[in-house]
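In: Below is the structure, and that's it, no one-letter string:
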């Protein structure tokens, strides 16, 4: 059993739906829950994360373009850029998987 408060307008609407459909109030609420489409805050968080990672990828892309244009003489800098790029790609993949509903 679940109990909650609602204002008089919502209660009146619930009664009206129950009368119109010849269902109990509980059945009206169950049917509403089954068909309700609510926006998930997890999706919003994943979108925010994807946007952040996208910005990181743009930054790394700019660094790679600079490295290609001017050359990278230091192998450690080249390796660092590769690691940053791979890390960002992994973060994007995780964010997209969460956004798609895969844990």
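Out: Arrived safely, thanks for sending. Since the structure is predicted, the reported quantities are computational estimates derived from the model, not experimental observations. Numbering: from 1, shown residues only.
In: do you know how far the residue nearest the centre of the chain is from residue 75?
Out: Taking Cα atoms, centre = their mean, the centroid of the chain lies closest to residue 43, which sits 2.0 Å from it. Residue 43 sits 41 Å away from residue 75, taking Cβ to Cβ, to the nearest Å as the criterion. The C-beta positions use only the backbone N, C-alpha and C, and glycine is treated the same way.
In: quick one, what contacts the residue nearest to the centre of the chain?
Out: residue 99 (Cβ atoms under 8 Å, 6 or more residues apart in numbering).
In: and with 10 Å instead?
Out: 98-101 (Cβ atoms under 10 Å, 6 or more residues apart in numbering).
In: go on, residue 9?
Out: Counted by Cβ under 10 Å, 6+ apart, residue 9 has zero contacts.
In: any idea how far residue 15 is from it?
Out: For residue 9, the distance to residue 15 - Cβ to Cβ - is 11 Å.
In: Equivalent analysis for residue 44, please.
Out: 34 Å.
In: Helix or strand: which one has the residue nearest to the centre of the chain?
Out: Secondary structure from DSSP states H and E places residue 43 in helix 41-70.
In: Tell me how far that helix lies from the chain's centre.
Out: 17 Å (Cα atoms, centre = their mean, to the nearest Å).
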